[in-house]
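A.B. asks: Predicted model, plus sequence, below.
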Amino acid sequence: MWHQKTLTELSEALSTGKVTSVELTDHFLNRILHFADLNAFLDVNNDFSRKQAQIADEKIKSGKAGPLTGIPLAHKDVFVTREWRSTAASNMLENYVSPFDASVVERLGPDGAGMVCLGKTNMDEFAMGSSNENSAFGYSFNPWDIDRVPGGSSGGSAVAVAAGLAPAATGTDTGGSIRQPASFCGLTGLKPTYGRVSRFGMIAYASSLDQAGPMAKNAKDCALLMNAMGGHDPRDSTSLDMPAENYSRHLGQNWAGVDGGSKEEKPLAGLRIGVPKEFFSEGLSAEVRVKVEAAIAEYEKLGATRVDVSLPKTELSIPVYYVLAPAEASSNLSRYDGVRYGHRAHDYKDLAQMYSRSRSEGFGAEVKRRILIGSYVLSQGYYDAYYLQAQRIRRIIADDFQNAFKQCDVIMGPVAPNTAWKIGEKSKDPVQMYLEDIYTLSANLAGLPAMSIPCGFDSEHMPVGLQMIGNYFSEARMLQIADIYQDKTDWHKAEPEFGSVLKKRGVAA
Amino acid sequence: MSTQWEVVIGMETHTQLATKSKIFSGASIAFGAQPNTQACSVDLALPGVLPVLNREAVAHAIRFGLAIGAKVAHQSVFARKNYFYPDLPKGYQISQFELPVVVGGQLEIEVNGVQKFVELTRAHLEEDAGKSLHEDFQGPHGEASSGIDLNRAGTPLLEIVTEPVMRSAAEAVAYAKKLHALVMWIGICDGNMQEGSFRCDANVSVRPVGQKEFGTRCEIKNLNSFKFLEEAINYEVRRQIELIEDGGTVRQETRLYDPDRQETRSMRSKEDAQDYRYFPDPDLLPLRIDQSWIDEIKLTMPKLPVQLRDEWQAEFGLTPYDASILTQEKATAQFFIDLVALVDKDMAKQAANWIAGDLASALNRDGISAADSLVKPTHIAQLLKRVADGTISNKIAKEIFAHMWEKAKSGALPTDGVVDAIIDEKGLRQISDSGELEKIIEDVLAANEKSVEEYRSGKEKAFNALVGQIMKASKGKANPGQVNTLLKQKLG
């Protein structure tokens, strides 16, 4: 079935005429409709998608197709689009349609790589959350167990790919929002180096941490998507001014750079894997620990050397992140004031009341909480103690990584302390939820690239993710390291059986 | 004995930078367009937009820093100033806070012949807000409403801040005028005060003479004319002194000047002051300015008024007064430079006299700038040459100038030969032929025997009267030098 294929396989099928883009697109649109109860999508429009598929088919016919032309994908609703609504899963932007496409959407779409947009995926409101439960339009269900959360904030994208509603999806990662849902849903996800992918057209949460990236079935697919998504964009001043890069260039090589060497018995000979003890301290569930240790052991079998490293400020990444991200968010979300677009209260006496009512009605509880925290830490008299202090520790965290990279090439550990938890389990205690981000936050604070790679299942058959953190600009190497692992393991190929479960519980038709 | 009060004034000036587009977007900043026709998605703060710095605005800031001898920071930081207002689309203004682009510098002013240096604290780049329209604005159903025009939102500003070193309204006005002339001189601001391109805020306080500590200050905002600036400060000084002398205390507050009532009124007190929650804007990298960029701009900087003033005094022997008149405005200085290039160096002084005299009054009378003068440097050069070679007298030259000025109103003057054509057409050529002159002199002497008698009996004044008669008889064309010589000969 087409939804079980990787991007490489679909690309092959399209270019050899085994299937057309319109057929593929219809296949996925039908699945989206059929499994609508997963609530993975916030906006779907068959006409828009088919139109893009027709354009792609024309390109394929006339021999102008690239490797991704005609392949459908889903966009997280944080990227603005001219056709589909762009809500960031907030009532504030319930019916908002953007007059322009985000850079990522443009680069992947008909005027770029030629991919077909299937619609916009569910997420935590303004990307604030780790479970998808903060969506104003209802959460998405984890296809591995519909009683559990898919993770967040890119939960809808993860569900769409895991459930075969899209072959791949875009996500954004501010504190783990690509890696953690990828881990919870058994996908491969990459958060690139800060500045690799343009933020233009991404609805901002925390500008100095936000970074877009791919979520797909395997590392090869992520590399293909990165080839189209990455690159300098003059419309984003923080975009890295570096030449375009081929992220697939190391695939098929061994670590030493020999082509075809990936098939050797020890293709990763020479690779040093740093394992920070702070990523295995108390709080990490025993089951996740076992699976992650097993994955590292597998890497050792492939020739890599394990090195013990230390990232001493790991625990502080939680308070640092939950000062800095809300600070930036409190300012980034000020534009939603009901004056020019978005939700405006119906009933108000004066300007102050229009602001307060529009914002009170438009924002959800977690968004309000972070705006309040952010406003507080930036206030006169508190700025030095919170914001400045957090910035200082942020630099120390980045320095700690550089010290670690003197001893190793990549760092490995768990993506999250636990596998996907039950819906509602942690949503009443925000601090409990924040603590779940402990292993992902530091890569964002340091601006480093980081991946989630499926590495097994716990006793309840929920996926476990292995996290790999690389040094700046080492994505192509990280994708190579992940790809070699995926050549030797099948964890990433496992598929959830959710159809029958949905039916049994009376959730789906 | 009543207390002697000292006035303390510091100024903050918002200069609109003369760029084509906004400081963080590609929208035009031209004045006077229909509301919201010059506001793009960045100016509207739509979801997903990002600011991209306009390098020309930075170049202008560098130019300013160089012109006032300030330090241009190699690294400065854009910060967000957070507050809600309908004409502030993002809910924050991008400005510079802790690390501004220009630090220090000074400007020389002169009040009543006394020179003084005004030290500047800093100058920083920021974006302007939009405009709220309250009066006569109708909503979609014709109801009274408020409108927002975002054309101005994102217009680049350089906010220039002085130390509290001015001691009178006159000094503040002298500073504002000097700054106004300078920013136009170096081409970074069009200086149009009516359109809001140059707006002053004055921080005013008073203290007893001899007291070291400053008094509590009030900030008077948005003064958009030199007259209002002076009136507002004088009113505010009186208000503060009276308040203190009546036993009250000055409250720190922001005040607005009402030109109709000629008074300042409280706008908001310090207690109402907002906490702007400044922090570095994560959408913009720190602004790095390499020395090479500064050096590059240095090469394109025009000479500054003070440089030209000194050079011209030394090179052409201009008086300090003439030199300062010529360097008040760039267009005037350029006129002088162009004119001097066309004539001999020793005519520079006369050239200066012409510009500061007849030309300046004609420009003044018709309210036009030297840049748009109807009479061009080449025409004055022709006049100067004809005076120098004795073809016409200075007096006739003035007549010809006035004639050219009027003529030019009905069509531009040709570049060449205008002066000679007028001389010929009107027969204004100076009479230097001694035969012709002698005849005129003899006629005049014959008709003015009384004056001749007076002169011979020792009344020197009578000589001048006779010269006047001769000039009149020649219709001003007689060569005055020759008249003198010949007349002396005749009178023995």
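C.D. replies: Sure thing, it's come through.
A.B. asks: wait, isn't A:Gly66 in contact with A:Met115?
C.D. replies: No: contact criterion C-beta atoms under 8 Å: A:Gly66 and A:Met115 do not qualify, at 9.4 Å. (Glycine included, C-beta is placed from N, CA and C.)
A.B. asks: which one of the two has more residues nearby?
C.D. replies: Ranked by neighbour count (other C-beta atoms under 10 Å in any protein chain shown), A:Gly66 and A:Met115 place A:Met115 first, with 29 against 16.
A.B. asks: what sits against the more buried one?
C.D. replies: Each residue near A:Met115 by C-beta atoms under 8 Å, 6 or more residues apart in numbering or on different chains is listed here: A:56, A:68-73, A:108-109, A:228.
A.B. asks: Buried ones from those, can you make that a PyMOL selection?
C.D. replies: The buried residues among the contacts of A:Met115 can be selected in PyMOL (16 or more other C-beta atoms under 10 Å in any protein chain shown) with this line:
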select buried, chain A and resi 56+68+69+70+71+72+73+108+109+228
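A.B. asks: hey, what's in contact with both of A:Gly66 and A:Met115?
C.D. replies: With C-beta under 8 Å, 6+ apart as the test, A:Gly66 and A:Met115 both reach A:Ala228.
A.B. asks: check contacts around the residue of chain B found nearest chain A.
C.D. replies: Residue nearest to chain A within chain B: B:Gly91 (2.4 Å; C-beta to the nearest C-beta). Going by C-beta under 8 Å, 6+ apart, B:Gly91 touches A:331, A:333-335, A:337, B:45, B:82-84.
A.B. asks: try 10 Å
C.D. replies: B:Gly91 makes contacts with A:330-337, A:339, A:355, B:45, B:80, B:82-85, as judged by C-beta atoms under 10 Å, 6 or more residues apart in numbering or on different chains.
A.B. asks: Which of those are buried, as a PyMOL select command?
C.D. replies: In PyMOL, this line selects whichever of those come out buried by 16+ other C-beta under 10 Å:
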select buried, (chain A and resi 330+331+332+333+334+335+336+337+339+355) or (chain B and resi 45+80+82+84+85)
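A.B. asks: and which of the contacts of B:Gly91 is nearest B:Val452?
C.D. replies: Here the nearest of these to B:Val452, counting by C-beta to C-beta, is B:Tyr85; it sits at 85.5 Å.
A.B. asks: so what's the closest one closest to, chain neighbours aside?
C.D. replies: Distances taken as C-beta to C-beta, 6 or more residues apart in numbering or on different chains put B:Ala129 closest to B:Tyr85, at 7.0 Å, once the chain neighbours are dropped.
A.B. asks: so the one you found makes contact with B:Ala45?
C.D. replies: No: using C-beta atoms under 10 Å, B:Ala129 makes no contact with B:Ala45, being 11.5 Å away.
A.B. asks: A:Gly257 versus A:Lys488, what's the distance?
C.D. replies: For A:Lys488, the distance to A:Gly257 equals 19 Å [C-beta to C-beta, to the nearest Å].
A.B. asks: ok, now A:Leu448?
C.D. replies: A:Leu448 is 23 Å from A:Gly257, by C-beta to C-beta.
A.B. asks: of the two, who's got more company?
C.D. replies: With neighbours defined as other C-beta under 10 Å, A:Leu448 and A:Gly257 compare such that A:Leu448 has more, 24 against 10.
A.B. asks: How about residue 263, nearest residue that isn't a chain neighbour?
C.D. replies: Because you didn't say which chain, this covers chain A. Per C-beta to C-beta, 6+ apart, closest to A:Lys263 is A:Asp487, 7.8 Å.
A.B. asks: Chain B, not that one
C.D. replies: Leaving aside its sequence neighbours, B:Glu263 sits nearest to B:Tyr235 (C-beta to C-beta, 6+ apart; 5.5 Å).
A.B. asks: need the next SSE after the helix or strand hosting that neighbour, C-terminal direction.
C.D. replies: Element membership for B:Tyr235 (DSSP states H and E) is helix B:226-245. Next in sequence after helix B:226-245, counting helices and strands by DSSP H and E, comes strand B:253-258.
A.B. asks: Give the buried residues for that next one.
C.D. replies: Those would be B:253-257, for strand B:253-258 by 16+ other C-beta under 10 Å.
A.B. asks: and the chain, what are its domains?
C.D. replies: Going with chain A. The record's domain parsing of chain A by automatic domain parsing lists A:2-266+A:408-504, A:315-391.
A.B. asks: not quite, I wanted chain B
C.D. replies: According to automatic domain parsing, the ranges for chain B are B:10-295, B:303-426, B:434-491.
A.B. asks: tell me the centre residue of chain B?
C.D. replies: Closest residue to the average C-alpha location of chain B: B:Ala181 at 3.2 Å, with C-alpha atoms, centre = their mean.
A.B. asks: Quick check: buried residues in the helix or strand hosting that residue?
C.D. replies: According to DSSP H and E, B:Ala181 maps onto helix B:169-185. The neighbour-count check on helix B:169-185 (16+ other C-beta under 10 Å) flags B:169, B:171-176, B:178-185 as buried.
A.B. asks: I appreciate the help and will end here.
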